[in-house]
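In: I'll drop the sequence and a predicted model, then ask my questions.
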Amino acid sequence: MLIRPRRNRVSRAVRNLVRESSLSAPDLVLPLFVHEADVDSPIASMPGVSRAGIAATVAKARVAASLGIRAVALFPALSDALKDPSARESVNPDGLNQRCIRALKAALPDIAVISDVAMDPYSSDGHDGVVRDGRIVNDATLPILAAMAVSQARAGADVVAPSDMMDGRVRAIREALDAAGFPDVLICSYCVKYASAFYGPFRDALDSAPRAGDKKTYQMDPANAREALREVALDEGEGADWLMIKPGLPYLDIVRLVRGQTALPVVAYHVSGEYAMLKAAAEKGWIDYDRCLMESLIAFKRAGADLIFTYAAIDAARLISGRSG
Ligand code: PBG
């Protein structure tokens, strides 16, 4: 036999030399759920993840930073009393999200704060857009999203991340940021976001599930791939700085497709349901959490993702820092 592929696997040294993809802490973004109370409230469907007050949220970001993670993504959980049909709380300069951004930037100026732009955490309808007569109204939503992004930029967000899937929102946000004097604030567009049941635990965490209907008139049909290319072309043209695909593992073909289509950084979101599956199977003793986690994350890199949002970012960064081949 002249050709033996096993020679390239013969020892740890050789395997490390020929490894095609790598994962390091700066590849990871840690999502954080913040709430008003100064107590941690665990999220049942996401073991190891909790909603925390601002001080504890800053402490989590500090741990992440000490492990080499460079960015956090912030998601506020608001009480129902603050929710209304037009998400007015989202532009309150002293709102929870704004205060948390300020606290994070004051404590950890070198950590990038990524702030989610969408109506659902603030909306009494639980949708990402304005609801009128049971329909999600695209164009009426755009100024709300733009104002929300400006408010977050004013609080100090480095990156705003529209996760709503309204048409035209990247341009609306870019123009509003520029007009308000924030030309250097980045837009991470949730460009290719599918209508996925894997978001279930996240909606538990924020109590943000739609009060009626579903998100299928704005989030994409899981059966579609070509449609992703339309979203990529639009968001690039509207000024997006990063393009996100979401969920993650079930959509690695889309990560690969988008990677081949754009020169922009590609971001993938290892979403709440994916995290929950790993944790649940590990709790049952059916899989090895650490190894399945690292295998999942390297798969994102192999598919072409530059950045990975994952609730397991701290676990992964710890494993990376102690890793051997
Ligand atoms: C809301 C938003 C969602 C997620 C991030 N931003 C949920 C949704 O669209 O219903 C999901 C994240 C996850 O499941 O981890 N705009």
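Out: Structure's in. What do you need?
In: Please work out which residue of the stretch 1-150 of the chain is closest to the ligand.
Out: When scored by CB to the nearest ligand atom, the stretch 1-150 of the chain has Ala118 as its residue closest to the ligand, at 3.4 Å. (Glycine included, C-beta is placed from N, CA and C.)
In: So for that residue, what's the nearest residue that isn't a sequence neighbour?
Out: Spatial nearest neighbour of Ala118, excluding adjacent residues (CB to CB, 6 or more residues apart in numbering): Asp164 at 4.1 Å.
In: list the contacts for the one you found?
Out: Taking CB atoms under 8 Å, 6 or more residues apart in numbering, we find Asp164 in contact with Val117, Ala118, Met119, Asp120, Asp128, Gly129, Thr141, Leu145, Tyr190, Tyr218.
In: Gly48 now?
Out: Contacts of Gly48 (CB under 8 Å, 6+ apart): Lys279, Tyr311, Asp315.
In: Next secondary structure element downstream of the host helix or strand of Leu293?
Out: Element membership for Leu293 (DSSP states H and E) is helix 289-303. Per DSSP H and E, the first helix or strand lying C-terminal to helix 289-303 is strand 307-310.
In: For that following strand, name the packing helices and strands.
Out: Here strand 307-310 touches strand 28-34, strand 266-270, helix 289-303, going by 3 or more CB pairs under 8 Å, 6 or more residues apart in numbering; DSSP states H and E.
In: Buried deepest among those, which one?
Out: Ranked by mean neighbour count under mean count of other CB atoms under 10 Å, the helices and strands packed on strand 307-310 are led by strand 266-270, which reaches a mean of 28.
In: what about the helix or strand following that strand, distance to the chain center?
Out: Under the assignment DSSP H and E, the closest C-terminal helix or strand after strand 266-270 is helix 272-283. Offset of helix 272-283 from its chain centre (CA atoms, centre = their mean, to the nearest Å): 17 Å.
In: what's the angle from helix 272-283 to helix 289-303?
Out: 140 degrees (axes from the mean of the first three to the mean of the last three CA atoms, to 10 degrees).
In: So which elements touch helix 272-283?
Out: Against helix 272-283 (3+ CB pairs under 8 Å, 6+ apart) you get helix 200-206, helix 289-303.
In: how about the residues of the stretch 1-150 of the chain that lie near the ligand?
Out: Asp116, Ala118, Asp120, Asp128 (CB under 6 Å from any ligand atom).
In: Name the member of these with the most neighbours.
Out: Asp128 (29 neighbours; other CB atoms under 10 Å).
In: pretty sure that one contacts Met119?
Out: Yes. Applying CB atoms under 8 Å as the test, Asp128 and Met119 come out as touching, 5.4 Å apart.
In: overlap in contacts of the two?
Out: Thr141, Asp164.
In: pLDDT at Ser208, what is it?
Out: What the model reports for Ser208 is a pLDDT of 83.
In: give me every residue that touches the nearest residue to it once chain neighbours are set aside.
Out: Nearest non-adjacent residue to Ser208, counting by CB to CB, 6+ apart: Asp120, 4.5 Å away. Applying CB under 8 Å, 6+ apart, we find Asp120 in contact with Gly126, His127, Asp128, Asp164, Leu206, Ser208, Pro210.
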